[in-house]
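Novice: Predicted model and sequence follow; I will ask about them next.
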Amino acid sequence: MNTLWVIINVVVMLALLGLLFWMQKKHISFTKRVFTGLGLGLVFGVILQLIFKADSDVLHDTSDWFSLVGNGYVGLLQMIVIPLIMVSIISAIMNLKGRQNLGKMSLAIIATLLITTAIAASVSIVTSLSFDLKAIEIQKGDRETQQGAKLEEKLGDVQDKSIPQQILEFVPSNPFLDMTGARRSSTLAVVIFSAFIGVAVLGLDKKKPAQAETFRNMVNAVYAVVMRIVTLVLRLTPYGILALITKVVATTSADEILKLIKFVGASYVALIVMFIIHLILLALFGFNPAVYVRKVLPTLVFAFTSRSSAATIPLNVETQTKKLGVSEGIANLSATFGATIGQNGCAGIYPAMLAVMIAPTVGIDPMSWDFILKLILVVTISSFGVAGVGGGATFASLIVLSTMNLPVALAGLLISVEPLIDMGRTALNVNDSITAGLISSKVLKENDKDKFNNRGVELDTANA
């Protein structure tokens, strides 16, 4: 009987995917298809949860089939992340104009990311205190105990390394290994390696211009091919979102959410407040928040459903360059840096909230200024090199909690609602990287305001 239900569920999913394909053939806009996929996934996921239990064998087997589309799409995006980062960074640097400066671009982007991370930590602290969150009030079950034990084991990797040793991890001592994503700092290491290549080409212009031009033409050709691959993969976004959100909604236990509803509510309040702060910052720099939101929503929806800042890099870059008028150099740097530095959700709000919750269990007053100022500083500094994939928030929390001398095992209490919260955190991370790109482009006068204000611009890949 279970097999029959699985077949029925898969057939329904295929029908919904067919509907999205029909919309694509009818040239319905990319944005509308994305939100149709999101809406259908939410409804289908709720229906599945009502018919079956979240932990039922039927949903477990059904989710495996849904993963062919959802996780398969995320895998394709991850496939092109490293090639895209490499050719984009190399191309952006070697094609820098005389008035452009790599150092200024990088400094503006990183400064924006770190400042917003400090603000995010502050927002998280205020929200946690307002909701009176306390780790001691959360019930501990078998899953939570096991997760706490795993965190204790991971803590050894963090505690054994000093700050200089952690910084050294960013050095691409073996760039080919980093291209495989073997280390948590691999993405940033690839950026650094690519930057060296780009700078080398600029230096070669003066000494061996012929060779420099040959290499430049080769990279430009590879860049065109990679961007074509990006376009082909992005066509699948509505289908991926449909499968991903269906699986999340169907397999997330409502009972588990209700047990931790206070923490989930506080988390999303902090995330929404920080998102509003992003919009205020953009308004202060002369950008219309309403126009911005309309143009970035499809990208944020994918980030929300995929829970991967790194996988969102291709869509992030496309949105900044084609819809927001950000120059290619700044867009590529901000999207890449934003996936590893200063993540407002995973490295800002989440670890700060955990620290405030856990502090009372060891006799620390979370309202003391000494604790608050130290926490904001630690959160901001530790936000360097956080992996832009699932689990990045856990690593950031380990660093923050261990530095603040707080027990890390208690963070395992939140395992049951981790996926639900991680969706919002990832969307905020991506939004922060886009915000950093826009602000930096305005400061460095590398923004096409007409393209930003053009309401007809549509990131539609249906006929690409």
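Specialist: That came through fine. The structure presented is a predicted model; accordingly, all values stated were derived computationally and were not measured.
Novice: what residue lies at the spatial centre of the chain?
Specialist: With the centre of the chain defined as its mean C-alpha position, the nearest residue by C-alpha atoms, centre = their mean is residue 309, 2.2 Å away.
Novice: That residue reaches residue 339, doesn't it?
Specialist: Yes: in terms of C-beta atoms under 8 Å, residue 309 counts as a neighbour of residue 339; the distance is 4.3 Å. From N, CA and C alone the C-beta is placed, and that goes for glycine too.
Novice: Got the phi and psi for the residue nearest to the centre of the chain?
Specialist: With angles defined as degrees, to the nearest 10, residue 309 sits at phi -70, psi -40.
Novice: and what of residue 326?
Specialist: Here the main-chain torsion angles of residue 326 (degrees, to the nearest 10) amount to phi -80, psi 140.
Novice: tell me the contacts of it?
Specialist: Contact partners of residue 326, counting by C-beta atoms under 8 Å, 6 or more residues apart in numbering, are 320, 334, 437, 438, 441, 446, 447, 448.
Novice: In PyMOL, how would I select the buried members of those residues?
Specialist: Selection of the buried residues among the contacts of residue 326 in PyMOL, burial being defined by 16 or more other C-beta atoms under 10 Å:
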select buried, resi 320+334+437+438+441+446+447
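Novice: Lowest pLDDT pick from the contacts of residue 326?
Specialist: Least confident entry in the contacts of residue 326, by pLDDT: residue 446, with 85.
Novice: what separates that one from residue 93, distance-wise?
Specialist: Shown here: residue 446 relative to residue 93, a distance of 14 Å by C-beta to C-beta, to the nearest Å.
Novice: between these two, what contacts are shared?
Specialist: residue 329.
Novice: Run through the neighbouring helices and strands of the host helix or strand of residue 15.
Specialist: When elements are defined using DSSP states H and E, residue 15 is found to belong to helix 2-25. Where contact means 3 or more C-beta pairs under 8 Å, 6 or more residues apart in numbering; DSSP states H and E, helix 2-25 is packed against helix 30-51, helix 57-94, helix 237-251.
Novice: Let me see the residues that make contact with stretch 361-373.
Specialist: Outside of stretch 361-373, the residues within contact range by C-beta under 8 Å, 6+ apart are 125, 128-129, 134-136, 355-356, 359-360, 404-407, 410.
Novice: Where in the chain is the helix or strand with the lowest mean pLDDT?
Specialist: Within the chain, no helix or strand scores below helix 142-159, which has a mean of 52 by mean pLDDT, DSSP states H and E.
Novice: quick revisit: next step: the contacts of stretch 361-373 restricted to helices.
Specialist: When helices are assigned by DSSP state H, the members of the contacts of stretch 361-373 inside them are 125, 128, 129, 355, 356.
Novice: Please identify which pair of those residues lies farthest apart.
Specialist: Pairwise distances across the ones in helices among the contacts of stretch 361-373 peak at 11.6 Å for 129 and 355 (criterion: C-beta to C-beta).
Novice: So which bits of the helix holding residue 15 are buried?
Specialist: Using 16+ other C-beta under 10 Å as the burial criterion, the residues of helix 2-25 that qualify are 5, 6, 9, 10, 13, 16, 17, 19, 20, 23, 24.
Novice: what does stretch 227-242 give?
Specialist: With the criterion 16+ other C-beta under 10 Å, stretch 227-242 contains buried residues 227, 230, 233, 234, 235, 236, 237, 238, 239, 240, 241, 242.
Novice: Tell me who's in contact with the residue nearest to the last one when sequence neighbours are not counted.
Specialist: Pointing back at residue 242 there. Setting aside the residues directly before and after it, residue 242 is nearest to residue 37 in space (C-beta to C-beta, 6 or more residues apart in numbering), at 3.8 Å. Counting by C-beta under 8 Å, 6+ apart, residue 37 touches 20, 237, 238, 239, 240, 241, 242, 245.
Novice: Could you pull out the helices in the stretch 351-464 of the chain for me?
Specialist: Assignment of helices within the stretch 351-464 of the chain using DSSP state H, counting those that start in this stretch yields the ranges 369-382, 392-403, 418-443, 449-453.
Novice: list the buried ones in the first one?
Specialist: Spelled out, that is helix 369-382. Under the neighbour-count criterion of 16+ other C-beta under 10 Å, helix 369-382 has 371, 372, 375, 376, 378, 379, 380, 382 buried.
Novice: If we only consider these, which is nearest to residue 53?
Specialist: Where the buried residues of helix 369-382 are concerned, and distances follow C-beta to C-beta, residue 53 has its nearest neighbour in residue 379, at 37.8 Å.
Novice: Just give the number of residues close to the residue nearest to the closest one when sequence neighbours are not counted.
Specialist: If you skip the residues right next to it in sequence, residue 379 has residue 121 as its closest partner in space, 4.1 Å away by C-beta to C-beta, 6+ apart. Taking other C-beta atoms under 10 Å as the neighbour definition, residue 121 ends up with a count of 31.
Novice: Can you classify residue 121 by secondary structure?
Specialist: Secondary structure, DSSP: H, G, I helix; E, B strand; the rest coil: residue 121 is helix.
Novice: wait, it sits on residue 374?
Specialist: No: Residue 121 is not in contact with residue 374 according to C-beta under 8 Å; the separation is 10.9 Å.
Novice: most tightly surrounded among the helices of the stretch 351-464 of the chain?
Specialist: With neighbours defined as mean count of other C-beta atoms under 10 Å, the helices of the stretch 351-464 of the chain peak in mean count at helix 418-443, which reaches a mean of 26.
Novice: Show me what that one is packed up against.
Specialist: helix 102-131, helix 237-251, helix 261-284, helix 289-306, helix 313-322, helix 328-338.
Novice: Pretty sure residue 271 sits against residue 424.
Specialist: Yes: proximity of residue 271 to residue 424 meets the contact threshold set by C-beta under 8 Å, at 4.6 Å.
Novice: Which neighbours do the two have in common?
Specialist: Counting by C-beta under 8 Å, 6+ apart, the shared contacts of residue 271 and residue 424 are residue 345.
Novice: Report the contact partners of residue 240.
Specialist: Applying C-beta under 8 Å, 6+ apart as the definition, the contact partners of residue 240 turn out to be 37, 69, 70, 72, 73, 74, 302, 305, 306.
Novice: separation between it and residue 180?
Specialist: For residue 240, the distance to residue 180 equals 23 Å [C-beta to C-beta].
Novice: before we move on, what about residue 95?
Specialist: With the distance defined as C-beta to C-beta, residue 95 ends up 28 Å from residue 180.
Novice: Between these two, tell me which one has more neighbours.
Specialist: The residue with more neighbours, out of residue 95 and residue 180 and counting by other C-beta under 10 Å, is residue 95; that gives 17 against 10.
Novice: where does that one land on pLDDT?
Specialist: Here the pLDDT value assigned to residue 95 is 73.
Novice: low pLDDT regions in this structure?
Specialist: Confidence mapping of the chain against pLDDT under 70 gives the ranges 1, 97-100, 136-163, 165-167, 184-185, 255-259, 385-392, 409-416, 455-464.
Novice: So residue 28 lies in a helix, does it not?
Specialist: No: counting by three-state DSSP, residue 28 is located in no helix; its state is coil.
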